[in-house]
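A.B. asks: Fold the following for me, if possible:
(one chain, ligands or ions: 1)
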Amino acid sequence: MSAELVISNVSRVFPGVNGGQPVTALQPTDLEIPRNDFVTILGPSGCGKSTLLRIVAGLDRPTTGSVTLAGQPVTGPGADRGMVFQSYTLFPWLTIRDNVAFGLREKGVPEREKWEIVDSYIDKVGLRGFENHWPKQLSGGMQQRTAIARALANNPRILLLDEPFGALDNQTRGLMQELLLGIWEREVKTVIFVTHDIEEAVFMASRVVTMTARPGRIKSITPVDLPHPRHYTVKSSPEFSALRLKLTEEIRSEAIMAATDG
Ligand SMILES: Nc1ncnc2c1ncn2[C@@H]1O[C@H](COP(=O)(O)OP(=O)(O)OP(=O)(O)O)[C@@H](O)[C@H]1O
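C.D. replies: Numbering: from 1, shown residues only. Below you'll find the model as predicted:
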């Protein structure tokens, strides 16, 4: 059976600004993601993680290569891909409930069904009681929970998350990891999750993809065979520590290169 998402020979070169040199953001990259896989992408700053995710989202076009989702070429953004970014991207003029309903309204889902779906996702992310609040009345963690509910309510084929917990404090971040993983364990979705954080990458993933320093390409793919449901206490297990150590060593040399580059 063919993979759900196929990234084939995808590279991205940005033209130079004001006659400057072109910037290679991503070297030719191949990656196949089976249905219901949870892949985390880990790499030093500037290695092209966001560029790759934006190409899968259809927000940017590759210089070479192609992306197919369920056999269909990706040529632009679509409701089959749900995005969550690091910065809070809720619509400030809509309540939490209307934010979560946004994609369903666009799709023309009948009213009753729409609100049933919206309310079930508001429950799943623990925002019952805040439905009629405005985004600015919510903490960063609550805003990201809304963004996750908004993406999932659309029932996308794949969920794409770019450092979704990067702006949160450590406590909130840990809780958000458990929340998202719990939803994935119950609903099973194909997910790509970009992060700088090794512990987060291991905790969430069924496979961790590491990237080299800029211009990035895939350096390794590490399966994470820790059992589900995963509780945060798994982070102190010997298996978890071994994976963290392996990935720390891999990423360290890349981070040093990135830090000393240019
Ligand atoms: N629109 C653009 N025009 C020119 N260069 C770009 C553009 N977008 C990204 N780049 C460059 O491409 C490289 C990869 O950027 P990208 O944002 O994909 O990296 P990243 O791994 O997501 O970094 P970070 O972890 O810091 O977010 C960087 O050197 C960046 O400056």
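
A.B. asks: can we go C-alpha only for contacts and neighbour counts from here?
C.D. replies: Will do.

A.B. asks: Next, give phi and psi for residue 183.
C.D. replies: With angles defined as degrees, to the nearest 10, residue 183 sits at phi -60, psi -40.

A.B. asks: Residue 82 is in what secondary structure piece?
C.D. replies: Using DSSP states H and E, residue 82 sits in strand 81-84.

A.B. asks: Next, count neighbours for residue 18.
C.D. replies: Using other CA atoms under 10 Å, residue 18 has 6 other residues around it.

A.B. asks: any low-confidence regions in the stretch 51-200 of the chain?
C.D. replies: Scanning the stretch 51-200 of the chain for pLDDT under 70 picks out nothing.

A.B. asks: on that earlier part again, with the ligand in mind, check whether the strand holding residue 82 reaches it.
C.D. replies: No: using CA under 6 Å from any ligand atom, strand 81-84 stays clear of the ligand, with a minimum separation of 13.8 Å.

A.B. asks: So which other helices or strands are in contact with the helix or strand following that strand?
C.D. replies: Next along the chain after strand 81-84, taking DSSP H and E as the criterion, comes helix 96-107. Under the contact criterion of 3 or more CA pairs under 8 Å, 6 or more residues apart in numbering; DSSP states H and E, helix 96-107 touches helix 111-124, helix 140-153.

A.B. asks: Does the last one pack against any helices or strands, and if so which?
C.D. replies: If I follow you right, that is helix 140-153. strand 81-84, helix 96-107, helix 111-124, helix 170-187.

A.B. asks: Just the CA atoms of that helix, as PDB, please.
C.D. replies: In PDB, the C-alpha atoms belonging to helix 140-153 read as follows (Å, rounded to 0.1, in the frame of the first residue of the first chain):
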ATOM      1  CA  GLY A 140      -1.400  31.300  25.300                       C
ATOM      2  CA  GLY A 141      -2.000  27.600  26.200                       C
ATOM      3  CA  MET A 142      -5.700  28.000  25.900                       C
ATOM      4  CA  GLN A 143      -5.300  29.800  22.500                       C
ATOM      5  CA  GLN A 144      -3.200  26.900  21.200                       C
ATOM      6  CA  ARG A 145      -5.800  24.400  22.400                       C
ATOM      7  CA  THR A 146      -8.400  26.400  20.400                       C
ATOM      8  CA  ALA A 147      -6.100  26.300  17.400                       C
ATOM      9  CA  ILE A 148      -5.700  22.500  17.700                       C
ATOM     10  CA  ALA A 149      -9.500  22.200  18.100                       C
ATOM     11  CA  ARG A 150     -10.000  24.400  15.000                       C
ATOM     12  CA  ALA A 151      -7.700  22.300  12.900                       C
ATOM     13  CA  LEU A 152      -9.100  18.900  14.100                       C
ATOM     14  CA  ALA A 153     -12.800  19.900  13.800                       C
END
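
A.B. asks: and the helix or strand just after that helix, which strands flank it?
C.D. replies: The first helix or strand that comes after helix 140-153 along the chain, using DSSP H and E, is strand 158-162. Using DSSP bridges, the strands paired with strand 158-162 are strand 81-84 (parallel), strand 190-195 (parallel).

A.B. asks: Relative to residue 97, which of these is closest?
C.D. replies: The stretch from the strands paired with strand 158-162 with the least distance to residue 97 (CA to CA) is strand 81-84; that distance is 16.9 Å.

A.B. asks: What lies in contact with that closest one?
C.D. replies: 57, 147-148, 151-152, 154, 156-162, 164 (CA atoms under 8 Å, 6 or more residues apart in numbering).
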